[in-house]
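Trainee: I would like the atomic coordinates for the input below:
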Amino acid sequence: MLTKRLIFTLLYDSGSFMLSRNFRLQRIGDINWLEDNYGFSKVGYSIDELVVIDVSRQSRNSQEFCENLKQLTRNCFAPIAAGGGIRSIDQARELLRSGADKIVVNTALHDQPQLVEDLAREFGRQCIIASVDCQKINGVYRVFQHSGTVESGHSLDHFLLKCSGLPIGEFYLTSIERDGTGNGLDIEMIDHATHTSEIPLIVMGGVGNPDHIIAGLRDERVDAVATANLLNFMGDGLTRARNLAIAAGVNLAIF
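Mentor: Residues are numbered from 1 along each chain as shown. Below you'll find the predicted structure:
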């Protein structure tokens, strides 16, 4: 039986970490606030991976983001994936030098597919996570880009099929409609990702309690469930969710 994964996601914007609801951001605190309140040295033992994404709405300060990434790396022993606005191999290399083990690409999937090819050639396809944001519009799941503000013109089925031809290691699929609501994962959204079954699938958006994590991980199509819910799952929340999932028979690694 394939081992499932529990992933925590941090959203970063211009020096602060954010809460997100339907991709609308609310500032929470900086790296010092995060460490003082939630101590990632402990959180790192409750998750299989940490994803850190620069979702800055204004111009990105890549150096500042990398400094935050380095600090997180010092205090978190889980593997880390990082991304946000990657436009070159040099940018990706800097994230890896700052402590990331994988890189997350989104916009490049739409307008720089050659960059994805180049990144995989340089770092290996297992290092590339393809982040796809979607929302159901008039009964059809549509893919959005630029932090969920611009519809790409692709249905989810078509876009995932297109991306599956690129050298990527995993899909990171986020429901804009469920994002930050705590109403549970969008299982219907997952129905549209079945033709990419050879590529591991991470699902994100709507997790609000351990039952949502368990339901997602029990789905044979899902390799990992991610949550960015700082308020619900920090402290001992992730540890409790992991223990409950294991007790429910989910095949998570036991640390």
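Trainee: For the rest of this, base every contact and every neighbour count on C-alpha atoms.
Mentor: OK.
Trainee: where along this structure do the helices fall?
Mentor: Residue ranges of the helices in the chain, as given by DSSP state H, are 31-38, 40-43, 62-75, 89-97, 107-111, 113-123, 156-163, 187-191, 210-218, 230-233, 237-247.
Trainee: Does anything pack onto the fourth one? Which helices or strands?
Mentor: It refers to helix 89-97. Judged by 3 or more Cα pairs under 8 Å, 6 or more residues apart in numbering; DSSP states H and E, helix 89-97 is in contact with helix 62-75, strand 80-83, strand 102-105, helix 113-123.
Trainee: mind putting those in a markdown table, mean neighbour count included?
Mentor: What follows is the helices and strands packed on helix 89-97, written out as a markdown table (neighbours: other Cα atoms under 10 Å):
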| stretch | mean neighbour count |
| --- | --- |
| helix 62-75 | 18 |
| strand 80-83 | 24 |
| strand 102-105 | 25 |
| helix 113-123 | 17 |
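Trainee: can you list those in a markdown table and add mean pLDDT and distance to residue 56?
Mentor: Listed next are the helices and strands packed on helix 89-97 as a markdown table, based on pLDDT from 0 to 100; distance: least, Cα to Cα, whole Å:
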| stretch | mean pLDDT | distance to residue 56 |
| --- | --- | --- |
| helix 62-75 | 90 | 10 |
| strand 80-83 | 96 | 11 |
| strand 102-105 | 98 | 15 |
| helix 113-123 | 97 | 21 |
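Trainee: what's the most buried one of the helices of the chain?
Mentor: helix 210-218 (a mean of 21; mean count of other Cα atoms under 10 Å).
Trainee: So for it, mean pLDDT?
Mentor: When pLDDT is averaged along helix 210-218, the result is 96.
Trainee: Now for residue 125: which residues touch it?
Mentor: Residues in contact with residue 125, defined by Cα atoms under 8 Å, 6 or more residues apart in numbering, are 119, 167-169.
Trainee: do that again at 10 Å, thanks
Mentor: Going by Cα atoms under 10 Å, 6 or more residues apart in numbering, residue 125 touches 102, 116-119, 166-170.
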